[in-house]
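Engineer: coordinates for the following, if possible.
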Amino acid sequence: HLATSLPLPSERDHLRPRIDLIVFMIDIKSKYSLKNVEASLAHVDASFFLGKVCFLVTGVGRVNYCSVETNAICKLGETYCSPVLFSELELEGIRVSTAQRLLRMLKICAGLVPGISALSFGLLMRNSADD
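Structural biologist: Modelled structure (predicted):
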């Protein structure tokens, strides 16, 4: 399910499936994109930041057109203890690998991968980013 911002409308709460993973997409070419994500973060329950949120930064192949500093995005990931993935969705191979990575994260967050919890996965992602 896709939403352009949070909070989600409450009139369809009873029809909404369980939310296992929230992926905040930030277009590196748009300051509005980052502002929208920052505003939406206030509507996410604090327990979701324990392995069930990630930031997907798109447009990284176009460094000349960046409107958002990557340091600001990395700081956002650190502040909310959530992984930051950088991708270029205009290239098919990278788009496919990004989709596969997100699907794997979703399976872990939904509890479909035995032996790995969303919290432990989140810690692994943070530790690998620190190396």
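Engineer: identify each buried residue in stretch 93-110, please.
Structural biologist: Thr98, Leu102, Met105, Leu106, Ile108, Cys109 (16 or more other CB atoms under 10 Å). From N, CA and C alone the C-beta is placed, and that goes for glycine too.
Engineer: contacts only, for the fourth one.
Structural biologist: Each residue near Leu106 by CB atoms under 8 Å, 6 or more residues apart in numbering is listed here: Asp20, Leu21.
Engineer: do the same with the last one
Structural biologist: Cys109 is in contact with Asp20, Leu21, Gly51, Lys52, Ala118, Phe121, counting by CB under 8 Å, 6+ apart.
Engineer: so Phe48 touches Ile22, yeah?
Structural biologist: Yes. The criterion here is CB atoms under 8 Å, and Phe48 meets it with Ile22 at 6.1 Å.
Engineer: follow-up on the earlier one: quick check: the farthest pair among the contacts of Cys109?
Structural biologist: Farthest pair in those (CB to CB) is Asp20 and Phe121. Separation: 12.0 Å.
Engineer: neighbour count winner among these two?
Structural biologist: Legend: neighbour count by other CB atoms under 10 Å for Asp20 and Phe121, higher for Phe121 (19 against 16).
Engineer: where exactly do the helices run in the chain?
Structural biologist: In the chain, the segments counted as helices under DSSP state H are 31-41, 70-79, 92-109, 118-130.
Engineer: can you lay out those as JSON lines showing distance to Pro7 and mean pLDDT?
Structural biologist: Formatted as JSON lines, these follow (distance: least, CB to CB, whole Å; pLDDT from 0 to 100):
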{"stretch": "helix 31-41", "distance to Pro7": "8", "mean pLDDT": "93"}
{"stretch": "helix 70-79", "distance to Pro7": "19", "mean pLDDT": "91"}
{"stretch": "helix 92-109", "distance to Pro7": "20", "mean pLDDT": "92"}
{"stretch": "helix 118-130", "distance to Pro7": "22", "mean pLDDT": "63"}
